[in-house]
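Chemist: sequence and predicted structure are below.
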Amino acid sequence: MGRLLRPLLRGTTYTRLLHLWVPMLVVSVWMFIDPSRPWVPALLLVPVGLIPAVRTGEGVQARLLLLPGVADPGFSVAPSATWRDRVRTVVWLEARMVLGAAAVFACVWLPAGVYELAHGRAPAGIPLLPDATPGWWPALLVPLPVLALYGVVVGLGELVTVVARGLLGPSAAERLAALEERTEQLLERNRIARELHDSIGHALTVAVVQAGAARAAGDPEFTDRALDAIEETGRAALEDLERVLGVLREAERPLRGRPTLAEAGRLLESARASGAKVDAEVTGPLETVPGPVSREGYRILQEALTNVLRHAGAVPVRVRVGVVGDLLRLEVRNPLAAGIPGPGRGSGLRGIRERAALLGGHASTGPDAGDWRVRAELPLS
């Protein structure tokens, strides 16, 4: 019984009924003007539905009254962009008026029937019931119109919601635009996650390695150098963090000021200060490398050196960065000594491959001839 009465306790049931009554206000006004032609309001809905902004208004009404409080009810609030959308709006207006007329008729006629039956009279116009003089037996039929009214109120509310989703739902173009926007947001979040992983991860790795080396060395002069390296790396990481957080605070703010391969020397010196023996060779005009390629190349190099310090420690590292034809090539190799595992297979290496793929290039990571090798080729065009 409680389940049967539950729809009557929901506010949505009554907001849907109100949504059906709204167009009947116009019909009621027209009936005072010319009751002999009740079809005129339905005819006027055709040119009204062709106005693009009407679809926006109907979508807003549907969101507020049919599915209030639902985060994504599935109703479009964009103006009609195509003739197909306009035709769908016209059909929706006509369907809403028909359902509204049914709701008003039921909400007036059925309560009147209840009143007649309660007073011992059979309502006129019902062919299944004989015209009877007042008596006690019609009162026994009072539950029937009450149940019918319940079914009309709840059923028409559900029906108008289904029809609205079909006719006021987003068009194919709107769904595609929403999907593209969502894809861009996910790509941007993924890019920000990679930025934080690479910059903060590198800074923390350098700090941990430098602090461990300073404690093991027991040399005040080496400790001073290690603290200087930690301070410099920490400042750079704070700058990266503030820039990325600025992007998160302001959705329309682009990522700017990211380091490029022109600043690769800072990465190499940081690795050397952490104890790694870096043999670096840079060839070709790096200053001519396009900004996006140079920035992603910097992050790939940063993650590769971070992996060396984190997983291999102070080992010889060979770094090759060069422009060959229309490609930027980067290679970082370090020996895989016995007992020292190679870099993990976590988000860092996956981020290297993703960065390369987004630029139309490719990257490979893994053991190669006794070394751990990170190799990337990025097209310049």
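Modeler: Arrived safely.

Chemist: next up, the contacts around Leu309.
Modeler: Thr205, Val206, Val209, Ala271, Ser274, Ala276 (CB atoms under 8 Å, 6 or more residues apart in numbering). In this view, the C-beta of every residue, glycine as well, is placed from N, C-alpha and C.

Chemist: next one: the residue nearest to the spatial centre of the chain relative to Thr283, how far apart?
Modeler: For the chain, the residue lying nearest the average C-alpha position, counting by CA atoms, centre = their mean, turns out to be Arg182 (4.6 Å). For Arg182, the distance to Thr283 (CB to CB, to the nearest Å) stands at 42 Å.

Chemist: got phi/psi on Val319?
Modeler: phi -120, psi 130 (degrees, to the nearest 10).

Chemist: next one: Leu327
Modeler: Dihedral angles phi and psi of Leu327 (degrees, to the nearest 10) take the values phi -130, psi 150.

Chemist: how about Val26, nearest residue that isn't a chain neighbour?
Modeler: Pro41 (5.6 Å; CB to CB, 6 or more residues apart in numbering).

Chemist: right, and the one you found touches Met24 too?
Modeler: No: here Pro41 does not reach Met24: they are 9.4 Å apart, not a contact under CB atoms under 8 Å.

Chemist: which neighbours do the two have in common?
Modeler: Taking CB under 8 Å, 6+ apart as the contact rule, the neighbours common to Pro41 and Met24 are Met97.

Chemist: which residues touch the residue nearest to Val26?
Modeler: Pro41 is in contact with Pro23, Val26, Val27, Trp30, Met97, counting by CB under 8 Å, 6+ apart.

Chemist: what's the burial count for the fourth one?
Modeler: Burial of Trp30 is recorded as 16 neighbouring residues (other CB atoms under 10 Å).

Chemist: and it, what element?
Modeler: Using DSSP states H and E, the element containing Trp30 is helix 11-33.

Chemist: how far does stretch 281-299 stretch from start to finish?
Modeler: 18 Å (CA to CA, to the nearest Å).

Chemist: where's it relative to the chain centroid, distance-wise?
Modeler: For stretch 281-299, the separation from the chain centroid amounts to 33 Å (computed by CA atoms, centre = their mean, to the nearest Å).

Chemist: sec struct for Trp372, please.
Modeler: Using DSSP: H, G, I helix; E, B strand; the rest coil as the criterion, the local structure at Trp372 reads strand.

Chemist: that one: neighbour count?
Modeler: Trp372: 24 neighbours (other CB under 10 Å).

Chemist: same question, His362
Modeler: Neighbourhood size, His362 [other CB under 10 Å]: 13.

Chemist: which non-adjacent residue is nearest it?
Modeler: Closest residue to His362 apart from its sequence neighbours, by CB to CB, 6+ apart: Ala356 at 5.4 Å.

Chemist: quick one: contacts for that neighbour?
Modeler: Each residue near Ala356 by CB under 8 Å, 6+ apart is listed here: Glu296, Ile300, His362, Ala363, Ala376, Glu377, Leu378.

Chemist: could you dump the residues you listed to TSV with secondary structure and pLDDT?
Modeler: Conversion of those to TSV gives the following (DSSP: H, G, I helix; E, B strand; the rest coil; pLDDT from 0 to 100):
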residue	secondary structure	pLDDT
Glu296	helix	85
Ile300	helix	88
His362	strand	90
Ala363	strand	90
Ala376	strand	92
Glu377	strand	91
Leu378	strand	90
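
Chemist: which one of these is nearest Arg189?
Modeler: Relative to Arg189, the closest of the contacts of Ala356 is Glu296; by CB to CB it sits at 16.9 Å.
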